[in-house]
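*Asks:* sequence and predicted structure are below.
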Amino acid sequence: MSEGAFDVGDDVYAAGYRGIVIDIRETSDGGRTVYGVEDLTGGVNFYTARGLRLATE
């Protein structure tokens with residue numbers, strides 16, 4: 001599933017940690033795309049594209 005800036009499976013940095021995009025969805029008001037990111041401990045948080053950047057090694 002692709003929704004613009006990021007795809008499911010992308011390795012990203014979000015709020016100071018590294019994680020994997022596992023979900024992409026629209027907000028209930030239809031105004032934004034949000035990305036579910038799972039961190040290394042298994043926690044999941046949602047961010048807009050502005051809050052993410054691709055991780056490069």
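*Replies:* Nice, I can see it.

*Asks:* chain center to the longest strand seen in the chain, what's the gap?
*Replies:* Secondary structure assigned by DSSP state E gives strand 17-26 as the longest strand of the chain. When C-alpha coordinates are averaged (Cα atoms, centre = their mean, to the nearest Å), strand 17-26 and its chain have centres 3 Å apart.

*Asks:* now do the buried residues in stretch 27-35.
*Replies:* Neighbour-count burial for stretch 27-35, counted by 16 or more other Cβ atoms under 10 Å, picks out 34-35. C-betas here are computed from N, CA, C, even on glycine.

*Asks:* which residues sit in contact with the residue positioned nearest the centre of the chain?
*Replies:* Per Cα atoms, centre = their mean, the C-alpha nearest to the average position across the chain is that of Y35, at 3.5 Å. Listed by Cβ atoms under 8 Å, 6 or more residues apart in numbering, the contact set of Y35 reads 3, 6, 12, 21, 23-24, 46-49, 52.

*Asks:* okay, the residues you listed in CSV with secondary structure and neighbour count next?
*Replies:* What follows is the contacts of Y35, written out as CSV (DSSP: H, G, I helix; E, B strand; the rest coil; neighbours: other Cβ atoms under 10 Å):
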residue, secondary structure, neighbour count
E3, coil, 15
F6, coil, 19
V12, strand, 20
V21, strand, 23
D23, strand, 13
I24, strand, 19
F46, strand, 15
Y47, strand, 17
T48, coil, 12
A49, helix, 15
L52, strand, 19
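
*Asks:* pick the one among those residues closest to G31.
*Replies:* T48 (10.2 Å; Cβ to Cβ).
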